[in-house]
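In: below is the structure, and that's it, no one-letter string:
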């Protein structure tokens, strides 16, 4: 692109570095911000600067938090005996949005992925084991993605955790709500038959 | 969404105010920036702050510029007798990318749009007329979008400028390069027949 201004070019380059934002979108966003009042742009950059400067990770569950202990871990309403292990903050949000879960979380910060050079030591796995060692945990739900990396991480965690006498579960995989049988892939369909559920349990939940 | 952090929520809200960026995309972008080193995020916010603080508009053509006179207006290689009138900076970039135009520009900063409350006085129209009054202009090309707002603005500019003895042109409208006749809409096709061009001129260009 032929920029008439170095300042503009730099701002567009910075936006273009964000995932999923191409050059044209970056230019559109920067020109939009240019048209806004100064105060609006300051608010935008300050929100980012403050976030980066002041954000913490909860020292218990490693979720993003404003304080050293996050709201969920600090809440008296949440059961400490049930830990849901997830990949990142977005998964915590997704599960919180269901209003179906009342235990606490443990945020790994990623999944084991040898291809990307991410091993167990890059994730919050030791801290999870320490939580289990401290006692009081009855069940651990491994709520990880149904991908190769997710399955690898589940297998690794299972091996690490099975000696502690704690119930280890994974979230159910099967046909999504509203899914039509004929369009479901074979792996999912086969698995959903193998892990079929007594009808009484469906009614109960 | 159920944010675990106020700081995160604010940053996501700011990103979500950008055009075409929804809540989920905003969250993805903010979490991406959170994972980057501090220096990278500072560079991002500083590029925006500097742009907003230091950017100018060329006092001749009103294009975005780092200096009071933009590179195009300052260039000795560009013909001052030919002015291409465009809506905004992006149009200047698009035309510069063709390498087909060697005159100068005039950036209106928008189009006349009564629906959006934008009238002639909100645009750089008086300054355009002043440039023509100062003399030396042979031709004005109105390179505006083929929309109702573009056509309204062209008509207004034509009425304002026709008394100055300057050639006024609009860019050709017709079938785009690679376009197949059967898929072209009737208005475009009808117009492209009405404004047909002698074959010799096609070869010459």
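Out: Alright, I've got the coordinates. None of these values were measured; they are calculated from a predicted model. Numbering: from 1, shown residues only, chains lettered A, B, ... in the order given.
In: show me chain A divided up by domain.
Out: What the record gives for chain A is the domain set A:6-54, A:78-171, A:174-205, from automatic domain parsing.
In: ok, residue A:158 - contacts?
Out: A:142, A:168 (Cβ atoms under 8 Å, 6 or more residues apart in numbering or on different chains). Glycine gets a C-beta too; all of them are placed from N, C-alpha and C.
In: that's a helix at it, yeah?
Out: Yes - applying DSSP: H, G, I helix; E, B strand; the rest coil, one finds residue A:158 inside a helix.
In: sorry, back to before: ok, which of the domains of chain A comes nearest residue A:68?
Out: Closest approach to residue A:68 among these (Cβ to Cβ): domain A:6-54, 11.9 Å.
In: can that closest one be said to contact chain B?
Out: Yes - Domain A:6-54 reaches chain B (Cβ under 8 Å from any Cβ of the partner chain) through A:6-8, A:10-11, A:13-15, A:17-21, A:25, A:27-34, A:38, A:41-45, A:47-52, A:54.
In: tell me the buried residues within the residues you listed.
Out: Among those, the ones that count as buried by 16 or more other Cβ atoms under 10 Å in any protein chain shown are A:7-8, A:10-11, A:13-15, A:18, A:21, A:25, A:27-31, A:33-34, A:41-45, A:47-49, A:51-52.
In: returning to what we had before: dump the domains of chain A to CSV, plus mean pLDDT and distance to residue B:194.
Out: Below are those laid out as CSV (pLDDT from 0 to 100; distance: least, Cβ to Cβ, whole Å):
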stretch, mean pLDDT, distance to residue B:194
domain A:6-54, 93, 33
domain A:78-171, 93, 55
domain A:174-205, 80, 50
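In: so for residue B:102, which of those sits nearest?
Out: Closest to residue B:102 of the domains of chain A, according to Cβ to Cβ: domain A:6-54, at 22.2 Å.
In: and the end-to-end length of that closest one?
Out: From its first residue to its last, domain A:6-54 covers 31 Å (Cα to Cα, to the nearest Å).
In: quick one, longest strand in chain A?
Out: The longest strand of chain A (DSSP state E) is strand A:79-86.
In: which strands and helices sit next to it?
Out: helix A:89-98, strand A:103-107, helix A:126-133, strand A:139-142 (3 or more Cβ pairs under 8 Å, 6 or more residues apart in numbering or on different chains; DSSP states H and E).
In: so which elements touch the last one?
Out: The contact analysis (3+ Cβ pairs under 8 Å, 6+ apart) places strand A:139-142 against strand A:79-86, helix A:148-161, strand A:167-170.
In: out of those, which is the most enclosed?
Out: Highest mean neighbour count of these: strand A:79-86, a mean of 19 (counted as mean count of other Cβ atoms under 10 Å in any protein chain shown).
In: so residue A:80 touches residue A:104, yeah?
Out: Yes - the criterion here is Cβ atoms under 8 Å, and residue A:80 meets it with residue A:104 at 5.9 Å.
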